[in-house]
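# Below are the sequence and a predicted model for it; my questions follow.
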Amino acid sequence: MSAATIRLVNSAGEAMENMVVYLQPKHLDGSHSALAEEGVDNLALPLEVHQKNKQFTPYITVVQKGYELQFVNDDDITHHIYSAAGPKRFSFKLRKDNATKTMVFDRVGHVSMGCNVHDWMSGHLLIVDTPYFGLTDEKGWVSFDSAPDADYSLVIWHPQLSSQDNSLSQEVTLPLPQALTITVSALMRDIPSQKSLDDFEFLDGY
């Protein structure tokens, strides 16, 4: 494993998948800032959040402050996307068959999303002020190969994490002497069901 690799497990030692982990640099100088900007070049911009099978896909999306996010409706029905809470408020309709809406998020924070047409749909955006972020894989691993040697606040986040601001943090210094395993003792709430309770559908002319 890379010296900048981290694994998350719960209190039972089980891998925690799809958890947001990001490194917030504690001290930035000019050279470090330049490196941070270079770190974004390997991202496919704009990032995309899809509405597919009446669900947000992915359920959690992380985007760096100031970059574009595109909403894409893959369904053959209209969705009416809105922000339920967070640093950016929005409400817009996406007509069927690959309609898109592009937005720039210029403030950090958590944006909770829903759909006015399909009230079971829920999704989450996390806007961060660092290029060093990722989501853990099915074995709980996430790597930060491009992060330069420095002191960081390592932040763990998930909308269902039962802690203040749905996050936990600790200080780390890169390079790590070895891969780091972190035990997350906070409880995780269940992810809400992303399925309709019935087959009722709004008319296409909504």
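Arrived safely, thanks for sending. Numbers count the residues shown, from 1 in each chain.
# and the residue nearest to residue 20 when sequence neighbours are not counted, how many neighbours?
Leaving aside its chain neighbours, residue 20 sits nearest to residue 157 (4.2 Å; criterion: CB to CB, 6 or more residues apart in numbering). All C-beta atoms are positioned from the backbone trio N, CA, C, and that covers glycine. Using other CB atoms under 10 Å, residue 157 is surrounded by 23 other residues.
# Just checking, which helix or strand of the chain averages the lowest pLDDT?
Least confident helix or strand of the chain, by mean pLDDT, DSSP states H and E, is helix 30-39 with a mean of 44.
# What strands line up against the following helix or strand past it, and which way round?
Moving toward the C-terminus from helix 30-39, the first helix or strand encountered (DSSP states H and E) is strand 47-52. Here strand 47-52 is paired, per DSSP bridges, with strand 55-57 (antiparallel), strand 68-73 (parallel).
# would you turn these into JSON lines with mean pLDDT?
Listed next are the strands paired with strand 47-52 as JSON lines, based on pLDDT from 0 to 100:
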{"stretch": "strand 55-57", "mean pLDDT": "93"}
{"stretch": "strand 68-73", "mean pLDDT": "94"}
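# Any idea which of these gets closest to residue 49?
Minimum separation from residue 49 across these (CB to CB) falls at strand 68-73, 5.3 Å.
# where's the nearest residue to residue 154 once chain neighbours are set aside, which helix or strand?
Excluding the flanking residues, the one nearest residue 154 by CB to CB, 6+ apart is residue 172, at 4.7 Å. Mapping residue 172 onto the secondary structure by DSSP H and E places it in strand 167-174.
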